[in-house]
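Asks: this one's structure only:
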């Protein structure tokens, strides 16, 4: 009964995180061209402040539930990840997820130290965007691809 709860929490947190990343990359960057610079700066600051308040909790649920699911069901598979396509794809998904977490921690460090620039924000957003798209594909591929 614990696994379905963890899966549900993981999915809800993934929707929140991925939705935020998609909004920032696909919408916010293009809105910039249509709004005055001062208004865009205020909008980005407000969204960024809210994201920095909410995303640590979302990521805690996302990674906590993911780790719990791995612990409950997939540790034996990951002991020999090249033995099955499912385990191999799961391992790649976990590596990408760890990279996303690394991006998030690096971004938080840059914000706290005052080293975050617009170029770094754009890099982080685009890199995480690519990561989450690959993670989404792998999440489905794990159940439908085999070799």
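Replies: Thanks, I have it. Since the model is a prediction, treat every value here as computed from it, not as a measurement. Numbering: from 1, shown residues only.
Asks: For the rest of this, base every contact and every neighbour count on C-alpha atoms.
Replies: Will do.
Asks: And the helices in the chain?
Replies: 2-22, 29-31, 37-69, 75-78, 85-113, 118-144 (DSSP state H).
Asks: need those in a markdown table with mean neighbour count and mean pLDDT, can you?
Replies: As requested, these are exported to a markdown table (neighbours: other Cα atoms under 10 Å; pLDDT from 0 to 100):
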| stretch | mean neighbour count | mean pLDDT |
| --- | --- | --- |
| helix 2-22 | 16 | 96 |
| helix 29-31 | 12 | 87 |
| helix 37-69 | 15 | 92 |
| helix 75-78 | 15 | 95 |
| helix 85-113 | 17 | 95 |
| helix 118-144 | 15 | 94 |
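Asks: quick one: residue 85 from residue 79, how far?
Replies: For residue 85, the distance to residue 79 equals 13 Å [Cα to Cα, to the nearest Å].
Asks: now swap in residue 60 and tell me
Replies: 25 Å.
Asks: Contacts only, for the nearest residue to residue 146 once chain neighbours are set aside.
Replies: Among residues not flanking residue 146 along the chain, residue 85 sits closest, at 5.2 Å (Cα to Cα, 6 or more residues apart in numbering). Residue 85 is in contact with 142, 145, 146, 147, counting by Cα atoms under 8 Å, 6 or more residues apart in numbering.
Asks: Next, count neighbours for the last one.
Replies: Okay, so that is residue 147. Neighbour count of residue 147, defined by other Cα atoms under 10 Å: 5.
Asks: do you know how far residue 44 is from residue 35?
Replies: Applying Cα to Cα to residue 44 and residue 35 gives a distance of 12 Å.
Asks: no, scratch that, I was asking about residue 72
Replies: From residue 72 over to residue 35 the distance is 49 Å, taken as Cα to Cα.
Asks: same question, residue 114
Replies: Separation of residue 114 from residue 35 (Cα to Cα): 25 Å.
Asks: These two: which is more packed in?
Replies: The neighbour count for residue 114 versus residue 35, taken as other Cα under 10 Å, is higher for residue 35 (12 against 9).
Asks: for the residue of the chain most remote from its centre, phi and psi?
Replies: Most distant residue from the mean C-alpha position of the chain: residue 36, 29.8 Å away (Cα atoms, centre = their mean). Main-chain torsions, residue 36, degrees, to the nearest 10: phi -60, psi 150.
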